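Engineer: Predicted structure and sequence below. I'll ask about it afterward.
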Amino acid sequence: MKFEILAPAGSQESLAAGVRCGANAVYLGGKVLNARRNAGNFNDEELEKAVQYCHARNVKVYLTLNTLCRDQELSEAYELVKKALVFGVDAFIVQDIGLIRMIKDCFPQAKIHGSTQMSVMTAEGVNALKEMGVSRAVLPREMTQEEIAQIRECTDMELEMFVHGALCMSVSGQCYLSAMLGQRSGNRGLCAQPCRLSFSANNSNSFDLSLKDLSLIRQLSQIDNLGVVSLKIEGRMKRPEYIAAAVSSLKKAINGDYSIKDEIMLKSVFSRSGFTQGYFKNEMNRDMFGIRQKDDVIAAKDVLKQLSHLYDNENPLVPVDIAFECRKDKAVQLTAQALGKKVVLHGEIPEKAVNKPMTEETLKQRLSKLGGTQFYADNVKIKLDDGLIISASHINALRREAVEKLCETERRKIACFPLPEILPRVRAGAPYFTARFSDACQIPDKHPFERIFIPIWSAIEDFVDNRAGVEIPRGLFGKEKDIEKRLLALKKIGVKNALCGNIGSYRLAERLGFNVFGDFGLNVFNSLSANQIHSPILSFELQIEEANRINAEDTGVVAYGKLPLMLTRNCPVKNNIGCENCRKHGSLTDRKGIKFPVVCSPYPCVEILNSVPLYMADRMHEIKTNFIHFYFTDESVQEIDRIIALYNKNSKADFDYTRGLYYRGVL
């Protein structure tokens with residue numbers, strides 16, 4: 001098996017731990033625009049040194065730009081990409097489709113990896129990334145072995161997957177829980193992990209959103225068969241000992257040396273009641289859930305010191321070829337080759353030996369003394385005339401100089417184009433209305449909506465009777481062929497519009513000839529993103545004034561509805577009380593007694609909704625987008641008629657509601 005081991009680096013010490021234990025690549029963040037803003041991360045000077053350190057050890061560096069980017073932050077992102085390319089960063093891990101466009105347009109030589117935050121879970125989605133200029137897709141952690149195989153069959157894109165570390169309950173990129181509860185957005189790198197607190201399906205103070213950590217180290221042969229090139233370890237917030245243990249365990253497993261002792265060590269350093277392989281094995285049950293317990297913490301104390309010795313010193317991981325030529329009346333020549341470089345040094349002219357001349361064996365021994373460095377002598381070739389001698393100190397000095405020169409790196413020259421200026425767009429007139437309904441029976445006989453959408457699983461007659469467009473679910477795991485078949489049937493009966501919250505479904509519907517509209521799940525956060533999506537519903541993590549300034553045609557915002565806070569594949573209600581006790585009316589109760597509805601569907605994900613609806617009727621004068629969108633979930637048709645009347649009159653609400661993040665914003 002041949003894999004890239006990709007280690008997290010939240011600090012310089014973690015970087016050294018990963019590299020010294022055998023990682024082939026590391027991923028790290030700058031001080032801004034990365035999904036772990038609470039990690040130590042690297043300023044410009046530290047980033048350059050980190051790249052030099054890694055490249056001198058034949059390790060690649062991937063810089064995380066895996067958060068959503070505001071218009072006013074694009075210039076900061078531009079400068080960071082420019083500096084990183086000069087420093088020699090090998091690739092950028094990116095979530096925001098606007099940021100991808102900026103990097104490809106301004107820095108054509110940059111290599112981009114599509115972050116798991118992009119929620120790409122289908123072959124269509126991976127191929128959409130390829131069309132954007134992305135060279136690698138980081139797959140969601142929620143995928144089964146069979147689903148990954150389906151993608152591999154349909155694309156030649158490089159695939160990367162997480163094999164060890166924390167599991168989020170929500171599909172990455174589709175979680176708004178932390179943002180809505182406390183302004184700390186997972187899409188902006190500041191998730192507060194409220195899901196690790198008590199959210200209970202049966203009011204028992206259980207932890208129904210907290211999953212065990214993932215570990216697929218024993219499944220590497222199956223992963224190898226899937227054509228995955230990179231094994232990713234989660235953990236930029238973790239301590240160096242954790243990184244060392246995970247990298248060492250992966251390396252042993254690749255070499256066939258992983259044992260139960262290693263697994264116990266790995267569990268001891270960090271776990272939440274053990275590990276799970278539930279998603280990969282398609283075994284999504286109660287056994288996947290776990291929390292950090294006292295025994296887990298105690299176990300860690302016993303192994304941390306032991307693990308620190310794994311990276312105390314340099315490990316000789318980089319082979320170097322050495323050639324030494326010592327001829328009569330000629331300066332000695334040392335040639336060293338490693339890391340794709342060749343160093344040639346000339347030294348003193350050797351003297352004639354008075355007593356004991358040098359031998360090839362003694363020269364080999366001296367030239368192979370690379371202890372304390374990352375190198376080991378692989379091939380050493382000697383050309384030596386008889387009867388000569390040169391001092392040991394001179395040979396050692398030449399060897400040290402060769403190693404130093406092999407480690408030297410130069411700043412790269414890059415081609416770059418200027419960042420286009422983005423001016424705020426000014427709109428006039430009242431926005432028009434659009435809506436989605438969870439069920440066609442909610443649709444009033446007379447309504448003001450220019451476009452309406454109902455779920456893809458709705459009855460054929462519901463689409464015909466209501467002239468409705470189709471809402472394609474965001475969770476597409478293993479359902480792409482079914483969705484395509486259903487879309488073709490809907491197209492045949494005259495359905496023309498499709499609302500898409502995933503780039504995979506967006507590309508699919510577009511390819512099938514639908515009028516495609518962008519839903520909130522695409523996380524459109526800036527003007528560059530908005531200009532790649534038709535009539536996008538902008539991210540509800542934007543402040544309203546930021547949404548108003550987005551410079552693109554026909555943009556909208558969600559102005560009413562119980563916002564989906566999580567898209568989950570493993571139903572928290574099913575795994576606690578069972579479907580028979582839920583009867584499609586499930587909810588979770590947090591530690592404060594607040595209830596959050598849980599909505600299931602015929603497709604493989606459930607949505608956890610906010611406890612109260614977003615409401616903006618009395619603030620409509622502050623919304624300057626082209627349209628507003630209503631997200632109807634559990635309302636009756638009578639309630640919807642009443643809500644429409646409130647919005648027509650710009651009235652205040654007489655029920656509990658939220659303004660969402662439109663005035664608070666996210667950090």
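Structural biologist: Done, it's in.
Engineer: for the stretch 351-500 of the chain, what are the low-confidence residue spans?
Structural biologist: For the stretch 351-500 of the chain, applying pLDDT under 70 flags no range at all.
Engineer: same deal with the stretch 151-300 of the chain?
Structural biologist: Using pLDDT under 70, the stretch 151-300 of the chain drops low at 299.
Engineer: Kindly recompute the last result at 80.
Structural biologist: 294-300 (pLDDT under 80).
Engineer: Could you list the buried residues of stretch 572-582?
Structural biologist: Neighbour-count burial for stretch 572-582, with 16 or more other CB atoms under 10 Å as criterion, is recorded at 572-577, 582. For glycine as for every other residue, the C-beta is placed from the backbone atoms N, C-alpha and C.
Engineer: got TSV for the residues you listed, with secondary structure, distance to L209 and pLDDT too?
Structural biologist: Putting the buried residues of stretch 572-582 into TSV (DSSP: H, G, I helix; E, B strand; the rest coil; distance: CB to CB, whole Å; pLDDT from 0 to 100) gives the following:
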residue	secondary structure	distance to L209	pLDDT
P572	coil	6	92
V573	coil	11	91
K574	coil	13	90
N575	coil	10	87
N576	coil	11	89
I577	coil	15	87
C582	helix	16	85
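Engineer: and those residues as a markdown table, adding distance to L522?
Structural biologist: Output for the buried residues of stretch 572-582, formatted as a markdown table (distance: CB to CB, whole Å):
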| residue | distance to L522 |
| --- | --- |
| P572 | 25 |
| V573 | 27 |
| K574 | 28 |
| N575 | 29 |
| N576 | 31 |
| I577 | 33 |
| C582 | 30 |
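Engineer: Which single one of the residues you listed is nearest to G278?
Structural biologist: Of all these, G278 sits closest to N575, with 10.3 Å by CB to CB.
Engineer: Just give me the neighbour total for the closest residue in space to the closest one that isn't next to it in sequence.
Structural biologist: Using CB to CB, 6 or more residues apart in numbering and skipping the chain neighbours, the partner closest in space to N575 is R286 (4.6 Å). R286: 13 surrounding residues under other CB atoms under 10 Å.
Engineer: re earlier: pick the one among the buried residues of stretch 572-582 closest to K481.
Structural biologist: Using CB to CB, these come closest to K481 at K574, 24.9 Å.
Engineer: wait, what's in contact with that closest one?
Structural biologist: 582, 586, 600 (CB atoms under 8 Å, 6 or more residues apart in numbering).
Engineer: For E484, state which of the buried residues of stretch 572-582 is nearest.
Structural biologist: Nearest member of those to E484, counting by CB to CB, is K574, at 27.4 Å.
Engineer: do you know how far that closest one is from C168?
Structural biologist: 18 Å (CB to CB, to the nearest Å).
Engineer: try K2
Structural biologist: 29 Å.
Engineer: Also V599?
Structural biologist: 19 Å.
Engineer: for I223, same thing?
Structural biologist: 20 Å.
Engineer: Same question for G30.
Structural biologist: G30 is 23 Å from C168, by CB to CB.
Engineer: do L563 as well
Structural biologist: On the measure of CB to CB, L563 and C168 end up 18 Å apart.
Engineer: what's the answer for T373, then?
Structural biologist: 40 Å.
Engineer: The two: which has the busier surroundings?
Structural biologist: Between T373 and C168, counted using other CB under 10 Å, the more crowded position is C168 (23 against 20).
Engineer: helix, strand or coil for the nearest residue to that one once chain neighbours are set aside?
Structural biologist: Nearest non-adjacent residue to C168, counting by CB to CB, 6+ apart: C175, 6.5 Å away. Using DSSP: H, G, I helix; E, B strand; the rest coil, the structure places C175 in coil.
Engineer: residues contacting C175?
Structural biologist: 168-169, 186-187, 191, 565-567.
Engineer: among the residues you listed, which ones are buried?
Structural biologist: 168-169, 186-187, 191, 565-567.
Engineer: Touching, I472 and G504? I think so.
Structural biologist: No. Counting by CB atoms under 8 Å, I472 stays clear of G504, with 9.2 Å between them.
Engineer: quick one on the thing from earlier: how much space separates the residue nearest to N575 from S527?
Structural biologist: 45 Å.
Engineer: go on, K364?
Structural biologist: Taking CB to CB, one finds K364 at 63 Å from S527.
Engineer: quick one: which of those two has more around it?
Structural biologist: S527 (21 against 15).
Engineer: name the helices or strands packed onto the helix or strand L567 falls within?
Structural biologist: Secondary structure from DSSP states H and E places L567 in strand 564-568. For strand 564-568, the packing partners by 3 or more CB pairs under 8 Å, 6 or more residues apart in numbering; DSSP states H and E come out as helix 177-182, strand 606-609.
Engineer: Would you format the buried ones among the contacts of C175 as CSV with distance to I493 included?
Structural biologist: Shown next, in CSV, are these (distance: CB to CB, whole Å):
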residue, distance to I493
C168, 38
M169, 37
G186, 39
N187, 37
C191, 42
L565, 34
M566, 33
L567, 28
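Engineer: So which of the residues you listed is the closest to I151?
Structural biologist: L567 (19.0 Å).
Engineer: Quick check: nearest residue in space to that closest one, chain neighbours excluded?
Structural biologist: Q174 (3.9 Å).
Engineer: if I look at that neighbour, how far off is E131?
Structural biologist: 22 Å.
Engineer: Which helix or strand contains the residue lying closest to A392 once chain neighbours are set aside?
Structural biologist: Distances taken as CB to CB, 6+ apart place R366 nearest to A392, at 6.3 Å, with adjacent residues excluded. Using DSSP H and E, R366 sits within helix 360-367.
Engineer: C-terminal to that helix, what's the next element?
Structural biologist: Downstream of helix 360-367 (by DSSP H and E), the next one is strand 375-384.
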